[in-house]
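# here you go, sequence then predicted model.
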Amino acid sequence: MFVDGRSLSQNAVVGGDICIVGGGAAGITLARDLAGEGRRIVVLESGGLEPEGKTQDLYEGETAGQSFTPLVVDRIRCLGGSTNHWAGYCRPFDQIDFEERLATPGWPFGREELDPFYDRAQSLCQLGPFDYDPQHWTEGAVKPFIFATGSRLTNGVQQLSPPTNFGVVYRADLERASATAVHLHSNAVDIETDPDGGHVTAVQAACLDGLRFTVRAKLYVLAVGGIENPRLLLNCEKTWKRGLGNAHDLVGRYFMDHPFVAEAAQVAFSTNYPELKFYGERTVRGVRIYGHFYASGDTLRKEELPGFAIGMMQGSLPNAELAGASLRDIQGAISSGRIPDHLGYRAGRIWAGVEWHLANWWNRFMPGTPSYYTTSYISGVPPDPDSRVTLIDRRDPLGLRQAKLEWRLPADFASNMRRAHQLLAQDLGIAGLGRVKLKTTTDSEIDVVNAHHHMGTTRMHPDPRQGVVDANCRLHGVANLFVAGSSVFPTYSFDNPTLTLVALALRLSEHLKRELRKV
């Protein structure tokens, strides 16, 4: 059921077995999976069922370092969270993405631990069969290129979710669950513990109209994203000077996002091969698919490169996605009676999308289609402790200090991108397929944008001196506080994080069920 937090009495006390802070993909996944067997679930969602200007403004903060989307633009603060405006690209991480590599500790477990949950996450994200073998997604002559023996790159596919808006698709499930109470317009503002900090005793919640109430539960889960999870922990400074769970100064560190270059290189093919249609978005047996090139685990180890993917389009597909998201944001602002914020940023993205649609229309319907393509490049980078979320003195209307995000890219990012394209050029050249030319000659010419994937700020590691949560996503030193979502990722792939964070939430749900039985 849904409860408007503003309808409660001042200083009310709400009780439950599990309190979940956040109603995005991770929080909704947990709430649905934990429902039943008499479990009482309390969900605190900052927003309502639709975006609202004053609530969205709670994301205001600062950015530094590498250019980054304004924080108030990068997320949606209402039921469903960021699934209100995601592109839907999904692919599970590979085994190498879990390994210790490039001087970075890996995950406490391997890919096999998540496989059973990936299968279930596939359904929640409304995807096709759990099958990412590119050979299984061919149609006649539309199939991946076959490279020569010893090639360094291989073919990959991503499946595209509709994209699933968790706040819409699973709204009825939440409403029907009588023992689940989703409190809308309800913001967690403090986490109370016993004197030694080993046990959470309550979460304090507040509404923008001034009403405050308390949630008491047996277990608590933070699921508000890679910036808000650490922001809330660091704001628990009345009792803990450095913030809750921050004894080793790790909360907020190792922030990760995908650096993305929409137009990295041009590829000239000797002819307009039918296989080229594999490398783009298309529908196969009712499932939307996107084909790309990426490096095998052996290549990444030998070359000492982070994971990356190279896409190919006759135009820039990401521009179209960003344009659609920006247009929806503007429409939402106007429909709610407010002036759209960051209008210049959004208008620029919309124009880039218009250019893409014009180019795509020309290439599809006009004769003499050129045989050259533009590549896009996306990669993971080794986590950097100085890429981090901290707090500034300015406070939001609820009294919480705002976040400052400093995103850093490694000095070898540009050289790694060039090396990835060299590998592509060599493989295409040896196979006699085409030639590659980078569009930039200097590092400063590379237009890098963030892919809006916040990860890593409450990273997972068995040792509290190297991580914020343990292998079961429990905050080190706190018996009944857990963290869900991509902020617990210790490393990452070039793949978008949604499918993996949903799988990880399902794994956490099984652990919480066991914990409740113990209690």
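That came through, no problem. Numbers count the residues shown, from 1 in each chain.
# packing partners of the top strand by length along the chain?
Secondary structure of the chain per DSSP state E: the longest strand is strand 259-269. Secondary-structure packing of strand 259-269 (3 or more Cβ pairs under 8 Å, 6 or more residues apart in numbering; DSSP states H and E): helix 317-335, strand 372-379, helix 413-430, strand 434-438, strand 448-450. Every residue, glycine included, has its C-beta placed from N, CA and C.
# residue 466: neighbour count?
Residue 466: 14 surrounding residues under other Cβ atoms under 10 Å.
# and for the one 5 residues further on?
The burial count assigned to residue 471 is 16, neighbours taken as other Cβ under 10 Å.
# what pLDDT does it get?
Per-residue confidence (pLDDT) for residue 471: 97.
# quickly find the element holding it.
Counting by DSSP states H and E, no helix or strand carries residue 471.
# by mean pLDDT, show me the worst of the helices and strands packed on strand 259-269.
Least confidently modelled of these is helix 317-335, at a mean of 63 by mean pLDDT.
# low-confidence regions, the stretch 151-300 of the chain specifically.
Counting by pLDDT under 70, the stretch 151-300 of the chain contains no low-confidence segment.
# tell me the contacts of the residue nearest the centre of the chain?
The chain has residue 453 as the residue nearest its centroid, 3.7 Å off, counting by Cα atoms, centre = their mean. The neighbourhood of residue 453, defined by Cβ atoms under 8 Å, 6 or more residues apart in numbering, consists of 256, 257, 258, 486, 496, 497.
# let me know the closest of the residues you listed to residue 197.
Closest approach between those and residue 197, by Cβ to Cβ: residue 486, at 25.5 Å.
# contacting residues around that closest one?
Each residue near residue 486 by Cβ under 8 Å, 6+ apart is listed here: 225, 226, 453, 454, 455, 456, 492, 497, 500, 501.
# now for the helix or strand hosting the second one, which elements pack on it?
Spelled out, that is residue 226. Element membership of residue 226 [criterion: DSSP H and E] is helix 225-235. If you count contacts as 3+ Cβ pairs under 8 Å, 6+ apart, helix 225-235 packs onto strand 187-193, strand 219-222, strand 388-395, strand 401-407.
# tilt between that helix and strand 401-407?
For helix 225-235 against strand 401-407, the angle by axes from the mean of the first three to the mean of the last three Cα atoms, to 10 degrees is 130 degrees.
# where along the stretch 1-150 of the chain do the helices fall?
Taking DSSP state H, counting those that start in this stretch as the test, the helices found in the stretch 1-150 of the chain are 25-34, 53-56, 71-74, 111-124.
# dump the second one to PDB, keeping only the CA atoms.
Extracted in PDB, the C-alpha atoms of helix 53-56 (Å, rounded to 0.1, in the frame of the first residue of the first chain):
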ATOM      1  CA  GLY A  53      10.300  20.300  -8.700                       C
ATOM      2  CA  LYS A  54      10.900  21.000  -5.000                       C
ATOM      3  CA  THR A  55      11.700  17.300  -4.400                       C
ATOM      4  CA  GLN A  56      14.000  17.100  -7.400                       C
END
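# averaged pLDDT, it. What do you get?
On average, helix 53-56 scores 95.
# just how off-centre is that helix within its chain?
In terms of Cα atoms, centre = their mean, to the nearest Å, the gap separating the centre of helix 53-56 from the centre of its chain is 21 Å.
# so residue 153 makes contact with residue 299?
Yes - using Cβ atoms under 8 Å, residue 153 is in contact with residue 299, at 7.1 Å.
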